[in-house]
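1. fold the following.
(one chain, ligands or ions: 1)
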Amino acid sequence: MLTAAILSNRIPRLIQCGIVGLSMALMILPPRVSAQGAKPTREQVLRHLDKMRETQPGMWNIAPSEGEYLSNLVQKLKAQRVLEIGTSNGYSAIWLALGLPETSQLITLEINRRRYSLAQNNFEATGIDGLIDSRLADALEEVPKLEGPFDLVFLDADKQDYGKYLEMVLPKVSSGGVIAAHNVTDMASQLQDFLATIQTHPELRTEIVAVGPSGLSISYKKGPPTP
Ligand SMILES: C[S@@+](CC[C@H](N)C(=O)[O-])C[C@H]1O[C@@H](n2cnc3c(N)ncnc32)[C@H](O)[C@@H]1O
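-> Purely as a prediction, here's the structure:
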């Protein structure tokens, strides 16, 4: 009907241009999830994750069982905003993003340019890049600049800095949200102070889960859920 009206010149020229322009923009705009093409299937993303493990060694990635656990946790929390400290090649970030709804966002921070670029390529290859704000930055400088709230923060950078990250992110985590940390079992000797803090902190309820070989700490922030 609209086309007929345009063709018959019953609509002024300026409005016609607006309608045509808007229609073209809607056709050209990329979908929310991917800057590349259609929304990828879960199977496609899982296949790419497998390929990353085979072809990109030495990236200190979490185990697939830990990735699946974190992805499920994101879903369980109905997380809208997630922060990851320590991207490496993006393996854990892709697992986290798999659990996110399309309207949400994962910010992930990496200090090493080569691993940051590799991660960018992996995010694009999975087609999940539209959900991920990947930043080449020193997390110790970047985190204080970030605005909360975050529903989940995943710590997986240098172990000696976990205590500093905890202090920085705790005020930015929503009540009912989680601060998760990797390597709390296999690198426990380097994390004594951090472990003591998360297990005794009055604002946190912490459990250690052994879903993989390294140990994950899951610290829930107490208090009523943030509206
Ligand atoms: C264990 S790897 C992360 C692995 C990744 N989470 C995964 O499972 O796929 C740790 C990463 O943290 C990065 N890193 C260390 N210190 C950092 C800092 N201050 N800011 C940002 N990234 C940092 C390292 O360069 C390294 O790539």
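
2. just give the nearest non-adjacent residue to the residue nearest the centre of the chain, would you?
-> Geometric centre of the chain, nearest residue: Leu106, 2.9 Å, by CA atoms, centre = their mean. Once flanking residues are discounted, Leu106 sits nearest to Val82: 4.5 Å by CB to CB, 6 or more residues apart in numbering. Just so you know, the C-beta spots here come from the backbone N, C-alpha and C atoms, and that holds for glycine as well.

3. thinking again about what came up before, which strand or helix spans the residue nearest to the centre of the chain?
-> Using DSSP states H and E, Leu106 sits within strand 105-110.

4. and that strand, what other elements does it pack with?
-> strand 81-85, helix 91-98, helix 113-126, strand 132-136 (3 or more CB pairs under 8 Å, 6 or more residues apart in numbering; DSSP states H and E).

5. out of these, which comes closest to Leu152?
-> Smallest distance to Leu152 across the helices and strands packed on strand 105-110 (CB to CB): 4.7 Å, for strand 81-85.

6. quick one: mean pLDDT over that closest one.
-> Across strand 81-85, pLDDT averages out at 98.

7. distance check, Glu207 against Tyr69.
-> 12 Å (CB to CB, to the nearest Å).

8. which residues do those two both contact?
-> Common contacts of Glu207 and Tyr69, defined by CB atoms under 8 Å, 6 or more residues apart in numbering, are absent altogether.

9. between these two, which one's more packed in?
-> Higher neighbour count among Glu207 and Tyr69: Tyr69, with 19 against 11, using other CB atoms under 10 Å.

10. Provide the backbone phi and psi angles at that one.
-> phi -60, psi -50 (degrees, to the nearest 10).

11. pretty sure it sits against Val209.
-> Yes: assessed by CB atoms under 8 Å, Tyr69 is found in contact with Val209 at 6.9 Å.

12. need the overlap of contacts for these two.
-> Contacts common to Tyr69 and Val209, judged by CB under 8 Å, 6+ apart, are Leu216.

13. pretty sure Val153 sits in a strand.
-> Yes: per DSSP: H, G, I helix; E, B strand; the rest coil, Val153 lies within a strand segment.

14. beta-bridge partners for it, please?
-> Beta-bridge partners of Val153, counted by DSSP bridges, are Leu83, Ile179.

15. check the gap between it and Lys221 for me.
-> For Val153, the distance to Lys221 - CB to CB - is 10 Å.

16. tell me which of the two has more neighbours.
-> Ranked by neighbour count (other CB under 10 Å), Val153 and Lys221 place Val153 first, with 28 against 23.

17. correct me if wrong, but Leu70 is in a helix.
-> Yes: assessed with three-state DSSP, Leu70 lies in a helix.

18. number of residues surrounding it?
-> For Leu70, the count of nearby residues is 27 (other CB under 10 Å).

19. again with Lys159
-> 18.

20. how near is the closest residue to it other than its chain neighbours to Gly86?
-> Distances taken as CB to CB, 6+ apart place Gln190 nearest to Lys159, at 4.4 Å, with adjacent residues excluded. Distance, Gln190 to Gly86, by CB to CB: 14 Å.

21. if you count what's nearby, which of those two comes out ahead?
-> Using other CB under 10 Å as the criterion, Gln190 and Gly86 rank with Gly86 on top: 22 against 15.
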